[in-house]
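K.L.:
Sequence isn't available, so here's the structure alone:
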Ligand code: HEM
Ligand SMILES: CC(C)=CCC/C(C)=C/CC/C(C)=C/COP(=O)(O)OP(=O)(O)O
């Protein structure tokens, strides 16, 4: 009997922990960290201090988790009405909003202290401004009121690139802003492709996502435009900024071509949900592999190998 009670208590403790974990929308965080890491590697010319990397990624995780938790509190009414989000911890009644808010404040506080003490004040300030932007500008002002909600709000999701750059250099440069721009411009194709599939859910709760208000045809045209600009922006790292080498050129060209091809197919079949789903999933692979490309490209070993290959080719000529 005592044993059963203990194991039940243990089970419910784990359930509570899992609910808090779910509040942070954890599946999105790894990609945010990958963009942070890509930025850090370019900023450090391939030689990132492992301790700084760890601190920045942990600080970034806590900041994003805090932002997502506050978003879950704010959106609890519409989350309850949408099938996709009904089981989240607050609408399903597993966590009280007050407890979630305390959790979010603790996460934000630990994140700022970590970043301010072990990285620098700029990185900490940027992380906090990411939380404020996501909660205030996206969640409060835009999400329920503008078809451009995720275009402007997308800036929050691009801030981790700035956090990474600032953590390494203590400043922001043109390259940092370009990395920010790549994630910023990538967000509309990423999200609108998904929104094409779940627009009925958003329509039901009156969230004016572009496909709900403007229809599929206009949305896919916008997806097409933003995809082209994103791929173009990814090439600016090669020229004029000259921050990356041949490995990045190959990876960015391949990934960009597939991204454009998928967006082009969707452009011609605006109501094809399979194509929309394919583009949404691909957008995630695109960003992940592009940032991985930045990391690999900036390794000193990669530089050595490419310069050996270049000198061999030179000899052959
Ligand atoms: C305003 C900007 C953005 C909006 C509105 C948005 C929205 C969404 C939504 C609604 C989902 C589906 C999640 C679910 O079913 O619970 C999703 C998935 C995802 N998003 Fe975004 N997103 C945005 C920006 C970003 C950014 C900046 C990143 C990372 C760089 C990102 C990474 C992901 C990933 C990795 C998934 C897949 C998660 C899974 O495995 O289900 N998103 N996004
Ligand atoms: C540096 C820092 C802290 C940056 C914050 C970055 C951040 C939390 C980005 C999240 C972007 C995102 C997944 C939005 C989901 O939109 P939604 O809330 O409308 O999705 P939903 O419909 O699933 O609720």
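P.N.:
It's in. Please read these numbers as outputs of a predicted model, since none were measured by experiment. Ligands and ions are numbered 1, 2, ... in the order given.
K.L.:
Return the set of buried residues in the helix or strand hosting residue 260.
P.N.:
Applying DSSP states H and E as the criterion places residue 260 in helix 246-268. Within helix 246-268, the residues that count as buried by 16 or more other CB atoms under 10 Å are 246-249, 251-252, 255-256, 259, 262-263, 266-267. In this view, the C-beta of every residue, glycine as well, is placed from N, C-alpha and C.
K.L.:
The residue in the stretch 201-317 of the chain that ligand 1 sits nearest to in helix, strand or coil?
P.N.:
For the stretch 201-317 of the chain, the residue closest to ligand 1 is residue 284, as judged by CB to the nearest ligand atom, at 4.7 Å. Following DSSP: H, G, I helix; E, B strand; the rest coil, we place residue 284 in the helix state.
K.L.:
Contact residues of the stretch 1-150 of the chain facing ligand 1?
P.N.:
Counting by CB under 6 Å from any ligand atom, the positions of the stretch 1-150 of the chain adjacent to ligand 1 are 27-28, 31-32, 35, 84, 138, 150.
K.L.:
Now do the residue minimising distance to the centre of the chain, the pLDDT please.
P.N.:
Residue closest to the average C-alpha location in the chain (CA atoms, centre = their mean): residue 32, at 3.9 Å. Looking at residue 32, its pLDDT reads 98.
K.L.:
Does it touch residue 161 like I think?
P.N.:
No: judged on CB atoms under 8 Å, residue 32 makes no contact with residue 161 at a distance of 9.3 Å.
K.L.:
shaky segments in the stretch 1-150 of the chain?
P.N.:
1-4 (pLDDT under 70).
K.L.:
give me every residue that touches the closest residue to ligand 1 within the stretch 101-250 of the chain.
P.N.:
Among all residues of the stretch 101-250 of the chain, residue 157 sits closest to ligand 1, at 2.4 Å; criterion: CB to the nearest ligand atom. By CB atoms under 8 Å, 6 or more residues apart in numbering, the contact list for residue 157 reads 32, 134, 183-184, 187.
K.L.:
Let me know the secondary structure of it.
P.N.:
The local conformation at residue 157, judged by three-state DSSP, is helix.
K.L.:
One more: residue 244?
P.N.:
In three-state terms, and counting by three-state DSSP, residue 244 is coil.
K.L.:
ok, it touching residue 237?
P.N.:
Yes: using CB under 8 Å, residue 244 is in contact with residue 237, at 4.9 Å.
K.L.:
Give me the common contacts of those two.
P.N.:
Residues within reach of residue 244 and of residue 237 at once, by CB under 8 Å, 6+ apart, are 42, 252, 294.
K.L.:
how close does the last one get to ligand 2?
P.N.:
As for residue 294, its distance to ligand 2 is 19 Å (criterion: CB to the nearest ligand atom, to the nearest Å).
K.L.:
So what's the residue count around that residue?
P.N.:
28 (other CB atoms under 10 Å).
K.L.:
next one: the first one
P.N.:
When counting by other CB under 10 Å, one arrives at 28 neighbours for residue 42.
K.L.:
what's the one helix or strand it maps to in contact with?
P.N.:
Using DSSP H and E, residue 42 sits within helix 29-43. Applying CB under 8 Å, 6+ apart, the external contacts of helix 29-43 come out as 48, 52-53, 56-57, 60-61, 64-65, 157-158, 160-165, 167-169, 175-176, 179, 183, 237, 243-244, 284, 287-288, 290-292, 294-295, 298.
K.L.:
Of those, select the buried ones using a PyMOL command.
P.N.:
Applying 16+ other CB under 10 Å to the contacts of helix 29-43, the buried members can be selected in PyMOL as follows:
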select buried, resi 48+52+53+56+57+60+61+64+65+157+158+160+161+162+163+164+165+167+168+169+175+176+179+183+237+243+244+284+287+288+290+291+294+295+298
